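Asker: have a look at this prediction, sequence included:
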Amino acid sequence: MRALAVIVVVALLSTRSIAASGNGAIRCSVETNVDLASTPLTVYGIPGSRVILRSANRVDYHLLWAVKRGDETADEEIYAKGYKSTELAVSANYRLVIKSFSSFPDGLRARFRLYRLTNESSHFVYLSQWAVVRVGSRPQIRGNINNMTLNEGEVIPAICANYSGIPEIDIHVTRRKRGFSESESVNSSRYSYDHQTGCVTFGKASRYDSGEYVISASNCLGQDQLEFSVNVRSKPIVEGLGTQQLHAALHSNLIIPYIVSGFPAPTITWYHNGTTIHRSSRVFYNTTILMLKTLSKSDEGVYEMRAVNALGRVNRMISIVVTAAGKL
């Protein structure tokens, strides 16, 4: 049997008077310390889930729940702790349980008040605004986005799809750059989302826009994603590696970091004193590092890195001096 999802809203009791306030807060998942006395509340859940509206118990007061169904104007007042129906139940600890979203109209409203019996009369204190319970939905993105390849300066085509979800969804874009394993958020100034058209637009492409993209649509009930890649044609460039002389200790390991980028992906070749360097158990290089293990005097000299693709080429040169340990 499929387990029911449960949404719990805790209402703090207070004896101050109630004043209407704005559109109120939105809750979709387990929450605590939500003061319904000052803030109207909209609770969203998915079909088949339960909603539990709970208040703290006060010894000197009794709790009364009032419920409106749909657009009905009259309240159904629930006094008894053990009240049960096909749709609603009040448990022994004063929780109002809305049993399943499939068995009541969207827009059911509930609030609670306290009453105290005295010798003269019954004394009622209203303690909460209405909590409106609505049927929500997890975000969904429907659409097929093709991977794209374009030139620097061209406008990246709008990414249009059918985005849906209740309550309203938020859009977030992340990108994983070429050669990196971790994703990063795309600055919100680089894209915009139009709720009317369902399109995300980016503007003109630069070499730094290449990567694997994820558009995430989320609300408090869940998240959906759309993935695509952008390749921006560009000649190779090298960052972090300038003309320099490096000193390293004899028998030490030397790691030289840099970043080579471009599309199509550049072919990288390193040379030592004009001779091609071949990868081995002692020498390794890729688009981000050159690593030399257990340096010897024969490793001294001039190193040149060449990066080539169909759009151009670039080279960088450094020199390495191997010194005796302790004489750097």
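Answerer: In hand now; what should we look at? Residues are numbered from 1 along each chain as shown.
Asker: the helix or strand in which Ile141 is found pairs with which strands?
Answerer: Here Ile141 sits within strand 137-142, counting by DSSP states H and E. Sheet pairing of strand 137-142 (DSSP bridges) gives strand 162-166 (antiparallel).
Asker: the partner strand: which residues count as buried?
Answerer: For strand 162-166, a neighbour-count test (16 or more other C-beta atoms under 10 Å) marks Tyr163, Gly165, Ile166 as buried. Glycine gets a C-beta too; all of them are placed from N, C-alpha and C.
Asker: residues contacting the spatially closest residue to the last one that is not a sequence neighbour?
Answerer: Spelled out, it's Ile166. Excluding its sequence neighbours, the residue lying closest to Ile166 (C-beta to C-beta, 6 or more residues apart in numbering) is Gly136, at 4.4 Å. Contact partners of Gly136, counting by C-beta atoms under 8 Å, 6 or more residues apart in numbering, are Cys28, Tyr44, Gly45, Ile46, Gly165, Ile166, Pro167, Asn219, Leu221.
Asker: so what's the residue count around the fourth one?
Answerer: Yep, that's Ile46 we're talking about. The tally of other residues near Ile46 (other C-beta atoms under 10 Å) stands at 16.
Asker: now the third one
Answerer: For Gly45, the tally of surrounding residues (other C-beta under 10 Å) stands at 24.
Asker: quick check: it vs Ala66, distance?
Answerer: Using C-beta to C-beta, to the nearest Å, Gly45 is found at 20 Å from Ala66.
Asker: next: the second one.
Answerer: When distances are taken as C-beta to C-beta, Tyr44 and Ala66 turn out to be 21 Å apart.
Asker: same thing with Ala307?
Answerer: Going from Ala307 to Ala66 by C-beta to C-beta gives 72 Å.
Asker: which one of the contacts of Gly136 is nearest to Ile259?
Answerer: Nearest to Ile259, judged by C-beta to C-beta, of those is Asn219 at 37.0 Å.
Asker: count of neighbours near the closest one?
Answerer: Neighbourhood size, Asn219 [other C-beta under 10 Å]: 20.
Asker: my guess is it contacts Gly165. True?
Answerer: Yes: counting by C-beta atoms under 8 Å, Asn219 does reach Gly165; the two are 5.0 Å apart.
Asker: what do the two both touch?
Answerer: Gly136, Arg138, Pro139.
Asker: in terms of neighbours, single out the busier of Tyr44 and Ala66.
Answerer: Neighbours around Tyr44 and Ala66, counted as other C-beta under 10 Å, are more numerous at Tyr44. The numbers are 24 against 17.
Asker: any figure for the gap between the nearest residue to that one once chain neighbours are set aside and Ala25?
Answerer: Distance criterion C-beta to C-beta, 6+ apart; nearest residue to Tyr44, sequence neighbours excluded, is Gly136 at 3.3 Å. Using C-beta to C-beta, we find Gly136 at a distance of 14 Å from Ala25.
Asker: separation between Met291 and Pro257?
Answerer: Shown here: Met291 relative to Pro257, a distance of 10 Å by C-beta to C-beta.
Asker: between these two, who's got more neighbours?
Answerer: Set Met291 next to Pro257 and count neighbours by other C-beta under 10 Å: Met291 wins out with 15 against 11.
Asker: correct me if wrong: the more buried one contacts Asn253.
Answerer: Yes: assessed by C-beta under 8 Å, Met291 is found in contact with Asn253 at 7.1 Å.
Asker: for Leu241, which residues are in contact?
Answerer: Ile256, Tyr258, Met305, Arg316, Ile318.
Asker: please redo it, this time with the cut-off set to 7 Å
Answerer: Neighbour list for Leu241: Tyr258, Met305, Arg316 [criterion: C-beta atoms under 7 Å, 6 or more residues apart in numbering].
Asker: okay, now the last one: neighbour count?
Answerer: Each residue near Arg316 was counted by other C-beta under 10 Å, and the total is 18.
Asker: where's the closest residue to Ile171 other than its chain neighbours, which helix or strand?
Answerer: Distance criterion C-beta to C-beta, 6+ apart; nearest residue to Ile171, sequence neighbours excluded, is Tyr193 at 4.2 Å. With secondary structure defined by DSSP H and E, Tyr193 is part of strand 192-194.
Asker: tell me the strands beside that strand, with direction?
Answerer: The strands beside strand 192-194 in its sheet (DSSP bridges) come out as strand 199-201 (antiparallel).
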